[in-house]
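[1] I'd like to go over a predicted model; first the sequence, then the structure.
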Amino acid sequence: MQEKKIKLLIVDDEKDICKFEKEYLEKHNYKVSTAETGQKAIAISKREKPDIALIDIYMSKGIDGIEILQKILEVNPECKCIMSSWDKAKAIEAKTKGAIDILIKPAEIKDLEKIVNKIAAKLTKK
Amino acid sequence: MATIRELFHSLGNIHNLLVVGAGVTSETVEECLEEQGLSLELKIKLSKILKNLNGISGDAQEADRKLREIHDRVYAVIDPDTGKPK
């Protein structure tokens, strides 16, 4: 029986970051969607119910990452959200809004993988 | 014209791209190194690429530490959205 893959949503306005992170995490057996805007992120969350979301706090267009986090949790309360930011204070603030972990940029891809794997391990234990 | 906040964000993004890109590319190179039947010459070249990628990642992280120092000094005296002195 094929094990169900953990679904991951990457929300970042930088498309090359989305591309790199998707490429890497898919190789490591995750099913990955990407969104460069908050609107797209919320639409994907409603439709696909990702297990984990990695959300960039500073989005150059539209709503910011904190608002995206709150809206994702409204439509998909089970989603485990990781906030990524260059601004550590903002990232920590996001934990009070429902994020379960933070990633400070620039972040090595293996550090992202560690955080995602830790969350995924807890999800698969359920 | 971009605001100071936007410029710092943009530069921070470039550093992040370099670190992530180097990391992802390094993994691809590591996979190549695991292939059977590679010549010694090719292994040496691939190892050199890996070392260079690690160097690029490290340099980008160092550049980002400098960027943070500049950020803190600039933000202390300039409003990052208007560009005017505080």
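    Noted; the coordinates are in hand.
[2] Which residues of chain A lie near chain B?
    Applying C-beta under 8 Å from any C-beta of the partner chain, we find that chain A lies next to chain B at A:14, A:16-17, A:20-21, A:23-24, A:27, A:58, A:60, A:86, A:105-110. For glycine as for every other residue, the C-beta is placed from the backbone atoms N, C-alpha and C.
[3] Buried by neighbour count, from those: which ones?
    Burial by neighbour count, 16 or more other C-beta atoms under 10 Å in any protein chain shown: within the residues of chain A next to chain B this picks out A:14, A:17, A:20-21, A:24, A:58, A:86, A:105-109.
[4] my guess is residue B:26 meets residue B:50, correct?
    Yes - Residue B:26 is within contact range of residue B:50, at 5.7 Å (criterion: C-beta atoms under 8 Å).
[5] okay, now the closest residue to residue A:5 other than its chain neighbours: neighbour count?
    Spatial nearest neighbour of residue A:5, chain neighbours left out: residue A:31 (4.3 Å); criterion: C-beta to C-beta, 6 or more residues apart in numbering or on different chains. Other residues near residue A:31 come to 15 when the count uses other C-beta atoms under 10 Å in any protein chain shown.
[6] partners of residue A:31 in the sheet?
    The partner list for residue A:31 in beta bridges (DSSP bridges) reads residue A:7.
[7] any idea how far it is from chain B?
    The gap separating residue A:31 from chain B is 18 Å, by C-beta to the nearest C-beta, to the nearest Å.
[8] Same question for residue A:75.
    Using C-beta to the nearest C-beta, residue A:75 is found at 27 Å from chain B.
[9] Could you check which of residue B:26 and residue B:50 is surrounded by more residues?
    residue B:26 (21 against 18).
[10] in the lengthiest helix in chain B, what's buried?
    Secondary structure of chain B per DSSP state H: the longest helix is helix B:40-77. The neighbour-count check on helix B:40-77 (16+ other C-beta under 10 Å) flags B:46, B:49-50, B:53, B:56-57, B:60-61, B:63-64, B:67, B:71 as buried.
[11] ok so, going back, among the buried ones among the residues of chain A next to chain B, which are in helices?
    A:17, A:20-21, A:24, A:109.
[12] Start from the N-terminal end of chain A and give the helices.
    So, for chain A - with DSSP H - the helices run A:15-27, A:38-48, A:65-75, A:88-95, A:109-125.
[13] Confidence-wise, which of the ones you listed is weakest overall?
    Among these, helix A:88-95 carries the lowest mean pLDDT, a mean of 88.
[14] Can you pull up the most central residue in chain A?
    residue A:54 (1.4 Å; C-alpha atoms, centre = their mean).
[15] Surely it and residue A:18 touch.
    No - between residue A:54 and residue A:18 there is no contact under C-beta under 8 Å: 9.7 Å.
[16] shared neighbours of the two, anything?
    Shared contacts of residue A:54 and residue A:18, defined by C-beta atoms under 8 Å, 6 or more residues apart in numbering or on different chains, comprise A:10, A:12.
[17] for whatever helix or strand residue B:24 lives in, packing partners?
    Following DSSP states H and E, one finds residue B:24 within helix B:4-33. Secondary structure elements in contact with helix B:4-33, counted by 3 or more C-beta pairs under 8 Å, 6 or more residues apart in numbering or on different chains; DSSP states H and E, are helix A:15-27, helix A:109-125, helix B:40-77.
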